[in-house]
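> sequence plus predicted model, see below.
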Amino acid sequence: LYRYFMGVAKRVGTRILERQPVGLLDRVLYSLGDLFVYGPLRNVLGMSRVRIAYTGGEAIGPDLFSFYRSLGINLKQLYGSTETSVFVCVQPDGQVKSDTVGPAVPGVELKFTPQRELLIRSPGLFKEYYKNPQATAEAKDAEGWFHTGDAGYLDQDGHVKIIDRAKDVGKLADGTLFAPKYLENKLKFFPYIKEAVAFGAGRERVCAFLNIDIDAVGNWAEKRNLAYSGYTDLAQHDAVYELLGECVAQVNADLAREPELANSQIERFLILHKELDADDEELTRTRKVRRRFIAEKYGSLVEALYAGRDSVHVEAQVRYEDGRTGTYSADLKIRDAKTFAPQAARKAA
């Protein structure tokens, strides 16, 4: 019953919420679903009386975003900070997208530097940092523009799309915008990918390291009677490479629809033999990837990706699930990812 009515919600729930034309039969089915599934589910979530909900901060995945909206919860995205008096961009009804934060609200001016940093000027902007004129001068220029530190651009509908922190944004060798965190987040929205590290600044193409989510991929493997002895063994199965290759292809199809990022599609990837770990200094304690450290530590793997090889030998010490440690020696597979021309991506959608 749940699966059936959630299928109905996925098909027409968002259209009903946005008051778009929907057939009579679908409206009846959605009403039944609301009685048996959506209403009780909203109640369990504590959202029975929510009229409008907003999400800000770190981006959430499109599947999670559409899930709430398909239940009839008017979830929208906004953007702002303490310095801007809560928010400066918000999605109006009828203009809700999973990958933007909406247009600027009335009275707010926006512009982007050549490095794509978002600047904001509005009547609600902060005056200064308390007893810290140096920090104030760094964040707010003489013309009253607040430098957010976030990088992004306006899409064709005038919505702001935030892609990364400005200090982390680079360019490929051909000048294409390269936003590693944006790519990594899009990859991590898939349940099978726990961590991702994208490389490409100053290079001709983008490549990536991936970590599988052992629970999600393990469940997937068990349903297909795929035997494995642990993380390292599972990560190197051909079937798992095909599974993650499909995820990368979906990300590339999305990127191909974005003129600013179409040329930064991920062309090659490998699945690491171990999980990235804060104890190994590969992640911060808040689980942010230390991209530069990883590039240095696994320099031979990075170079193998860019050299066009189909495998790379690695020897490393690994920690097993029972706490034991051992030495791992094997050839890691490297795979080419499916990429899309802008026109092909639109047809695939």
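The structure has been received and is ready for your questions.
> do I have it right that Ser329 meets Glu315?
Yes. Counting by Cβ atoms under 8 Å, a contact exists between Ser329 and Glu315, whose distance comes to 4.6 Å. Glycine gets a C-beta too; all of them are placed from N, C-alpha and C.
> where do the strands sit along the chain?
Secondary structure of the chain, counting by DSSP state E: strands at 53-55, 75-79, 89-90, 109-112, 117-121, 146-154, 160-165, 170-171, 177-178, 193-199, 206-212, 266-271, 311-319, 325-336.
> can you redo those strands as CSV with distance to Glu138 and mean pLDDT?
What follows is the strands of the chain, written out as CSV (distance: least, Cβ to Cβ, whole Å; pLDDT from 0 to 100):
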stretch, distance to Glu138, mean pLDDT
strand 53-55, 29, 94
strand 75-79, 21, 95
strand 89-90, 23, 96
strand 109-112, 18, 96
strand 117-121, 13, 96
strand 146-154, 8, 95
strand 160-165, 15, 92
strand 170-171, 22, 92
strand 177-178, 24, 92
strand 193-199, 28, 97
strand 206-212, 31, 97
strand 266-271, 34, 97
strand 311-319, 41, 79
strand 325-336, 42, 84
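> where does the stretch 201-349 of the chain have low pLDDT?
For the stretch 201-349 of the chain, applying pLDDT under 70 flags the ranges 318-322, 343-349.
> make it 90
By pLDDT under 90, the low-scoring segments of the stretch 201-349 of the chain are 229-230, 232, 258-260, 274, 279-280, 285-288, 313-331, 342-349.
> for it, which segments count as helices?
Applying DSSP state H, counting those that start in this stretch to the stretch 201-349 of the chain gives helices spanning 214-223, 231-235, 238-256, 291-297, 299-306, 342-348.
> among those helices, which comes closest to Leu177?
Taking Cβ to Cβ as the measure, the helices of the stretch 201-349 of the chain were each checked against Leu177, and helix 238-256 came out nearest at 10.6 Å.
> surely Ala278 meets Lys288?
No. Taking contacts as Cβ under 8 Å, Ala278 lies outside contact range of Lys288: 9.6 Å.
> quick revisit: among the helices of the stretch 201-349 of the chain, which comes closest to Ala198?
With Cβ to Cβ as the measure, helix 291-297 is the member of these nearest Ala198 (7.9 Å).
> so what does that closest one touch, helix or strand wise?
In terms of contacts (3 or more Cβ pairs under 8 Å, 6 or more residues apart in numbering; DSSP states H and E), helix 291-297 is packed against strand 193-199.
> output the contacting helices and strands for the strand it packs on.
Taking 3+ Cβ pairs under 8 Å, 6+ apart as contact, the helices and strands that strand 193-199 lies on are helix 180-188, strand 206-212, helix 291-297.
> which of those is buried the deepest?
strand 206-212 (a mean of 25; mean count of other Cβ atoms under 10 Å).
> the inter-axis angle of that one versus strand 193-199?
Computed by axes from the mean of the first three to the mean of the last three Cα atoms, to 10 degrees, the angle separating strand 206-212 from strand 193-199 equals 160 degrees.
> check what contacts strand 206-212 and list those residues.
Residues lying outside strand 206-212 but in contact with it, judged by Cβ atoms under 8 Å, 6 or more residues apart in numbering, are 172, 178, 183-184, 187, 192-200, 231, 234-235, 240, 244, 248, 264-272, 275-276, 294, 298, 301-302, 305-306.
> burial check on Ala53, number of neighbours?
Counted with other Cβ atoms under 10 Å, the neighbours of Ala53 add up to 12.
> equivalent analysis for Gly144, please.
Other residues near Gly144 number 12, with proximity taken as other Cβ under 10 Å.
> which ones are touching it?
For Gly144, the contacting residues are Arg121, Leu125, by Cβ under 8 Å, 6+ apart.
> if we use 6 Å, what do you get?
When contacts are counted by Cβ atoms under 6 Å, 6 or more residues apart in numbering, Gly144 touches Arg121.
> could you measure from the nearest residue to Gly94 once chain neighbours are set aside over to Gly323?
Excluding the flanking residues, the one nearest Gly94 by Cβ to Cβ, 6 or more residues apart in numbering is Glu18, at 5.7 Å. Distance, Glu18 to Gly323, by Cβ to Cβ, to the nearest Å: 52 Å.
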